[in-house]
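Asks: no sequence for this one, just the structure:
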């Protein structure tokens, strides 16, 4: 492959990554913990858009458990966003393992 083809392919991938970033803004994942007692919704840019806490876990004596559930739900949601991004990037790069940030974003 000549250098111009490589540059053209790289520019094409960069364009597709920019499109992916726009698409990820509209993806919403739900991270849950404690059998849905705590739910965190997060968009594809890893912004938390909603937190739902079941009334039965709001107890001043159970604050530590609630904190653990919130952390677990956040971790679950962020893992799902990362997996969505990995799948999308894999389709753009044809399965090549390109380091995050190399193509922008």
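Replies: Nice, I can see it. Keep in mind that this is a model prediction, so the values were computed, not measured.

Asks: tell me who's in contact with residue 74.
Replies: For residue 74, the contacting residues are 31, 40, 42, 48, by CB atoms under 8 Å, 6 or more residues apart in numbering. Every residue, glycine included, has its C-beta placed from N, CA and C.

Asks: do residue 75 as well
Replies: residue 31.

Asks: going forward, count from 16.
Replies: In the new numbering, first residue 16, that becomes residue 90.

Asks: circling back to that earlier point, now, which of the contacts of residue 89 lie within helices?
Replies: Judged by DSSP state H, helices contain none of the contacts of residue 89.

Asks: element containing the spatially closest residue to residue 35 that is not a sequence neighbour?
Replies: For residue 35, ignoring the flanking residues on the chain, the nearest one in space by CB to CB, 6 or more residues apart in numbering is residue 103 at 5.1 Å. When elements are assigned from DSSP states H and E, residue 103 belongs to helix 78-108.

Asks: which pLDDT value belongs to the residue nearest the centre of the chain?
Replies: By CA atoms, centre = their mean, the chain has its centre lying nearest to residue 96, at 1.9 Å. On pLDDT, residue 96 comes in at 92.

Asks: how big is the angle separating the helix or strand hosting residue 29 from helix 78-108?
Replies: Residue 29 belongs to helix 18-40 when elements are defined using DSSP H and E. Counting by axes from the mean of the first three to the mean of the last three CA atoms, to 10 degrees, helix 18-40 lies at 150 degrees to helix 78-108.

Asks: what residues of helix 18-40 count as buried?
Replies: Judged by neighbour count using 16 or more other CB atoms under 10 Å, the buried positions of helix 18-40 are 28, 31-32, 35, 39.

Asks: distance to residue 85 and pLDDT added to those residues, as JSON lines?
Replies: Putting those into JSON lines (distance: CB to CB, whole Å; pLDDT from 0 to 100) gives the following:
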{"residue": "28", "distance to residue 85": "37", "pLDDT": "82"}
{"residue": "31", "distance to residue 85": "35", "pLDDT": "85"}
{"residue": "32", "distance to residue 85": "32", "pLDDT": "84"}
{"residue": "35", "distance to residue 85": "29", "pLDDT": "85"}
{"residue": "39", "distance to residue 85": "23", "pLDDT": "85"}
